[in-house]
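1. sequence isn't available, so here's the structure alone:
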Ligand SMILES: C[C@@H](SC(=N)N)c1ccc(Cl)cc1
Ligand SMILES: C[C@@H](SC(=N)N)c1ccc(Cl)cc1
């Protein structure tokens, strides 16, 4: 008899294991010219010039820029076994809890356009109850994840508030269809994409993510956000600033390659426990929307070869080990530094209530060619997603 946890963990594990890059039909993309972007307020532009040349921003300019821009913080609440993290969002006066996802670029929600049998237990968005909703005529969207999970529907624009920051005219994608995976998770009312807008699935004209819309409207003095996830406790997403109280030591940055639309970088290698560090290029993405740490089989096998009793459990869909096992730390080389994931974070907990078998936080990426540094990694660091400088940063915490 599978407990819910097993099903959820297994389905998400399977989901995480087998949900390769959302199948975005690139052939349909047509960038019909560029929309004139409102220029950020003058002091913001001036402050950026100083920063660009590594000069301290004069206090009067910094003060003026700060006055013209916004910052905000919103809790990231873990679901059971930390399988996903949910945050509150207000759309046209309606509050939903969404899965913020740096691995996709669609803001889509459970909506009044879904059959009511699908919306049981969910908060839904109903544009007819919003004073500021406008239909985006002719626009549709359809997202697919490798495991076959996905959703589709049509599009409105509305005022979307995240972390106290309101973006007017944000594209909101209403689900009129969702796949079964999304029905197993009654608290998840949809996704808020934080990847690059180049992989947004709206047709015929792709839309921008909430973050990119806000940045284009000049709402941030610094166009960056930070992610501070915690094991079994609320963390935060912060927008427009870095809270120095959320990390220790210094932030190490690495350039990202946004050509696939992800926060993608080349890791410098890995180490298991106090074993020696293996230098190798690792094509990785930082992904809040994936529960696990997904890496090449060779690395996964190396790690579990050092865990007594670890084995692949087909039924669970990945490596399991005795919950009594002492798990080694996982070291990930990023830029000039190394992120240490303590052994205690490398488990998702018992495969089902009362079981002495635990599900591994590190699992195979099934050879998809990308390593997915998901929530297991993000619980170990303060992560900085810096769009201004096209870089990813991390610091111990
Ligand atoms: C980009 C993410 S899916 C997402 N975060 N929306 C991903 C890609 C490939 C694999 Cl194998 C697993 C996860
Ligand atoms: C597509 C992912 S979100 C992501 N891939 N980052 C997902 C999340 C939750 C459910 Cl229930 C099903 C699928």
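-> Arrived safely, thanks for sending. Values in this document were obtained by computation on a predicted structure and should not be read as measured data. Numbering: from 1, shown residues only. Ligands and ions are numbered 1, 2, ... in the order given.

2. only C-alpha atoms from now on, for both contacts and neighbour counts.
-> OK.

3. just list the residues touching whichever residue of the stretch 51-200 of the chain sits closest to ligand 2, thanks.
-> Per Cα to the nearest ligand atom, the residue of the stretch 51-200 of the chain with the smallest distance to ligand 2 is residue 182, at 3.8 Å. For residue 182, the contact set (Cα atoms under 8 Å, 6 or more residues apart in numbering) comprises 149-150, 188.

4. can you list which of these are found in strands?
-> Mapping the contacts of residue 182 onto strands (DSSP state E) picks out residue 150.

5. save the contacts of residue 182 as a markdown table, and put in pLDDT, neighbour count and distance to residue 341 too.
-> Below are the contacts of residue 182 laid out as a markdown table (pLDDT from 0 to 100; neighbours: other Cα atoms under 10 Å; distance: Cα to Cα, whole Å):
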| residue | pLDDT | neighbour count | distance to residue 341 |
| --- | --- | --- | --- |
| 149 | 89 | 16 | 29 |
| 150 | 95 | 19 | 31 |
| 188 | 95 | 23 | 27 |
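
6. quick revisit: just the pLDDT for the residue of the stretch 51-200 of the chain closest to ligand 2.
-> Here the pLDDT value assigned to residue 182 is 89.

7. avg pLDDT for stretch 163-175?
-> For stretch 163-175, the mean per-residue pLDDT is 98.

8. which ones among the contacts of residue 182 come in contact with ligand 2?
-> The subset of the contacts of residue 182 within reach of ligand 2, by Cα under 6 Å from any ligand atom, is residue 149.

9. spatially nearest residue to the closest residue to ligand 2 within the stretch 201-350 of the chain, not counting backbone neighbours?
-> Closest approach between the stretch 201-350 of the chain and ligand 2, counting by Cα to the nearest ligand atom: residue 289, at 3.1 Å. With sequence-adjacent residues excluded and distances taken as Cα to Cα, 6 or more residues apart in numbering, residue 289 is closest to residue 101, at 4.3 Å.

10. so the one you found sits against residue 209, correct?
-> No - using Cα atoms under 8 Å, residue 101 is not in contact with residue 209; the gap is 10.7 Å.

11. shared neighbours of those two, which are they?
-> 192-195.

12. strands - which of those residues land there?
-> Per DSSP E, strands hold the following members of the shared contacts of residue 101 and residue 209: 192-193.

13. what is the nearest of the shared contacts of residue 101 and residue 209 to residue 353?
-> The closest of the shared contacts of residue 101 and residue 209 to residue 353 turns out to be residue 192 (Cα to Cα; 30.6 Å).

14. list the contacts for the residue nearest to residue 289?
-> By Cα under 8 Å, 6+ apart, the contact list for residue 101 reads 191-195, 287-290.

15. re the thing from before, go through the shared contacts of residue 101 and residue 209 and name the one nearest residue 246.
-> Of all these, residue 246 sits closest to residue 194, with 20.6 Å by Cα to Cα.

16. residues near the nearest residue to that closest one once chain neighbours are set aside, how many?
-> In space, and not counting its chain neighbours, residue 194 is closest to residue 102: 4.3 Å by Cα to Cα, 6+ apart. Neighbours of residue 102 under the rule other Cα atoms under 10 Å: 23.

17. mind listing what residue 347 touches?
-> With Cα under 8 Å, 6+ apart, residue 347 has these contacts: 358-362.

18. which residues in the stretch 251-397 of the chain form strands?
-> Per DSSP state E, counting those that start in this stretch, the stretch 251-397 of the chain carries strands over the ranges 252-255, 264-272, 278-286, 293-295, 311-313, 318-322, 330-334, 337-341, 347-350, 357-360, 362-364, 371-373, 382-386, 391-395.

19. buried ones among the contacts of residue 347?
-> Buried residues within the contacts of residue 347, defined by neighbour count using 16 or more other Cα atoms under 10 Å: 358-362.

20. near ligand 2, which residues of this structure show up?
-> The chain has residues 101, 103, 145, 149, 181-182, 185, 289-290 near ligand 2, with proximity defined as Cα under 6 Å from any ligand atom.

21. mind giving me JSON lines with those residues and columns for distance to residue 230?
-> Formatted as JSON lines, the residues of the chain next to ligand 2 follow (distance: Cα to Cα, whole Å):
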{"residue": "101", "distance to residue 230": "16"}
{"residue": "103", "distance to residue 230": "19"}
{"residue": "145", "distance to residue 230": "25"}
{"residue": "149", "distance to residue 230": "26"}
{"residue": "181", "distance to residue 230": "24"}
{"residue": "182", "distance to residue 230": "23"}
{"residue": "185", "distance to residue 230": "20"}
{"residue": "289", "distance to residue 230": "14"}
{"residue": "290", "distance to residue 230": "14"}
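
22. name the nearest of these relative to residue 127.
-> Checking the residues of the chain next to ligand 2 against residue 127 with Cα to Cα, the nearest one is residue 182 at 21.2 Å.
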